[in-house]
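> Quick one, fold the following:
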Amino acid sequence: MQNWVGVVVAIALVVQVSVLIALFLQTRRTMQKVEKTVADLNDRAGPILTRVQILLDDTQPKISTMVSDAAHIVYLARGQAQKVDRVFTDAADRLRGQLLHVRWQGPPLQRILWSESCYLVPWLDGTLLVGATVEQVGFDERVTAGGVKTLLNAASAVLPGVSDATFVEARVGLRPSTPSGLPIIRRSARHSALIYATGHFRNGILLAPLTATVVADLIA
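From the prediction side, this is the model:
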């Protein structure tokens, strides 16, 4: 009986060793397949990546030049627009608009408040935007003490107690205007590829969708 037990144990050990060897061989074959697949991918992707790198090396200076040129054009259009085309001889100087951003401590406002001297726009976070001065000062983008004082006085007349609000910041923007009050949206008379969209004064945001439609029609 003991002999039979010994034989069974020996057979069980042989079977276990055989299974382990089979698993090892299968794992080794799988790893070899994975290594071969990775090598094939490297062989195929290597030239592609090299071409991509060459393309990037070739185009990066060109893109940088285009960005620099675009920035230069924007600078010229902003600071020297009247020299670019005769159409800008009809445009008035830029009008500076100063605005205040304050945190209102009183009851929340439910609507925009207007007067002849200012407007107050309530924001969802409880702050107020107070605007705006209209100053013909060329390209002077400074926030001035006089502008802040003028807006605070005008806002206090509309909403008493606003002078006690927490001051957040003051902003300034230059807004081009025209004698007719209408924006200029047209092609340049001298450079057909150049399209003007300027002179919106303080209605730039309101007229942005219409301006985009007109410019798109001109491009098409």
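> C-alpha from now on. contacts and neighbour counts both.
Fine.
> residues contacting Pro108?
Pro108 makes contact with 122, 126, according to Cα atoms under 8 Å, 6 or more residues apart in numbering.
> Determine the three-state secondary structure at it.
coil (DSSP: H, G, I helix; E, B strand; the rest coil).
> That one and Ala39: what is the separation?
Relative to Ala39, Pro108 is positioned 67 Å away (Cα to Cα, to the nearest Å).
> go on, Lys149?
73 Å.
> how about the strands in the protein?
Remark: strands assigned in the chain by DSSP state E are 95-103, 113-114, 119-122, 127-131, 135-136, 166-175, 184-187, 195-198.
> Those strands: which one's closest to Val34?
strand 195-198 (57.9 Å; Cα to Cα).
> What strands line up against the closest one, and which way round?
In the sheet, strand 195-198 lines up against strand 184-187 (antiparallel) (DSSP bridges).
> mind giving me the domain split of this protein?
Per automatic domain parsing, the structural domains of the chain span 1-79, 94-175, 180-219.
> Name the stretch among the ones you listed that sits most buried.
A comparison of the domains of the chain by mean neighbour count, using mean count of other Cα atoms under 10 Å, puts domain 94-175 on top with a mean of 17.
> got the end-to-end distance for it?
Note: domain 94-175 ends 5 Å apart using Cα to Cα.
> circling back to that earlier point, reformat the domains of the chain into a markdown table and put mean pLDDT next to each item.
A markdown table is the format used below for the domains of the chain (pLDDT from 0 to 100):
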| stretch | mean pLDDT |
| --- | --- |
| domain 1-79 | 64 |
| domain 94-175 | 91 |
| domain 180-219 | 83 |
